[in-house]
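Asks: prediction below, plus the sequence it came from.
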Amino acid sequence: MPVIREEHTAGGATVAIWEISEPETLLISLLDPNERERQHLSMIKAPQRRLHWLAARVLAARYLPDAGEIIYSDSGQPCIQGSTYYFSIAHSANYAALLVDIKPAGIDLELITPRIRKVMSRFMHPDEMAHVIKTDENDTLYIYWCAKEAVVKWLGDPTIDFRNMIRINPFPLLEKGEIETSVITSHEIISIPMVYEKIGQYMMVHTI
């Protein structure tokens, strides 16, 4: 399994990135899925989605070897039976990524393409849009998108309003940097520190 990146953060989290190069048959042999997992896999028809599903589970098994199978909460948040760790998974094109932490975690990884500009108004607040107009960089857009996706995973709430309830303070565009993200509810404002990094043609953002 070609893990091309492994990082252990100062806070005790582990981030791993894997380039998916194996055929499906090899991924299945590495995972050795149980009957329920095989049934779930049989329902996934798109070949790349099958590779993503398998790769994410093989990666999780490598870094959480003493845990059971991945299960999902009612909100779609993954967890592993028998594990005291939190984890988050992401995949895009030929990469899969995993974040393992002792506290709630969220990670997203996306291949950078110009298509993001067609949908940016759906997930960005007007104040955030003003920041992007000043920078005119697709990389900046993907930092916003990946950060908000990672926050959704951190919260375990896919129904949250991306545009208005998840807000990101302006930040300088670097190869790697930190951003401050806020979740705004009717009761409180939750601050979530995150780190972003451009890795080749991909953007990755995760909680810290």
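Replies: It's in.
Asks: just for the protein, where's the confidence low?
Replies: 1, 65-68, 75-76, 136 (pLDDT under 70).
Asks: starting at the chain centroid, how far to the strand or helix carrying residue 152?
Replies: Here residue 152, judged by DSSP states H and E, is contained in helix 138-155. Computed by Cα atoms, centre = their mean, to the nearest Å, the chain-centroid distance of helix 138-155 equals 8 Å.
Asks: buried ones in it, by neighbour count?
Replies: 138, 140-155 (16 or more other Cβ atoms under 10 Å). Where C-beta positions appear, they are placed from N, C-alpha and C, glycine not excepted.
Asks: next: stretch 24-34.
Replies: The neighbour-count check on stretch 24-34 (16+ other Cβ under 10 Å) flags 27-28, 30-31, 33 as buried.
Asks: ok, the spatially most central residue of the chain to residue 116 distance?
Replies: By Cα atoms, centre = their mean, the chain has its centre lying nearest to residue 108, at 2.2 Å. Per Cβ to Cβ, to the nearest Å, residue 108 is found 13 Å from residue 116.
Asks: so what sits against both of these two?
Replies: Residues touching both residue 108 and residue 116 (Cβ atoms under 8 Å, 6 or more residues apart in numbering) are residue 145.
Asks: and residue 56, how many residues sit next to it?
Replies: Using other Cβ atoms under 10 Å, residue 56 has 21 neighbouring residues.
Asks: could you measure the residue nearest to it when sequence neighbours are not counted against residue 150, distance?
Replies: Once flanking residues are discounted, residue 56 sits nearest to residue 89: 4.3 Å by Cβ to Cβ, 6 or more residues apart in numbering. Remark: distance between residue 89 and residue 150 (Cβ to Cβ) = 11 Å.
Asks: who touches both of the two?
Replies: Each of residue 107 lies in contact with both residue 89 and residue 150 under the rule Cβ under 8 Å, 6+ apart.
Asks: quick one, domains of the chain?
Replies: By the assignment in automatic domain parsing, the chain contains the domains 3-104, 109-207.
Asks: now do the helices in this protein.
Replies: Secondary structure of the chain (DSSP state H): helices located at 24-31, 35-42, 47-63, 120-123, 126-135, 138-155, 162-165.
Asks: what are the contacting residues of the longest one?
Replies: Translated: helix 138-155. Applying Cβ under 8 Å, 6+ apart, the contact partners of helix 138-155 are 77, 88, 90, 104-110, 112-114, 116-117, 120, 123-124, 128, 131-132, 158, 160, 162, 166, 168, 171, 173, 179, 181, 183, 192, 194, 196, 198, 203-207.
Asks: equivalent analysis for the last one, please.
Replies: Where contact means Cβ under 8 Å, 6+ apart, the residues beyond helix 162-165 that reach it are 122-125, 148, 152, 183-185.
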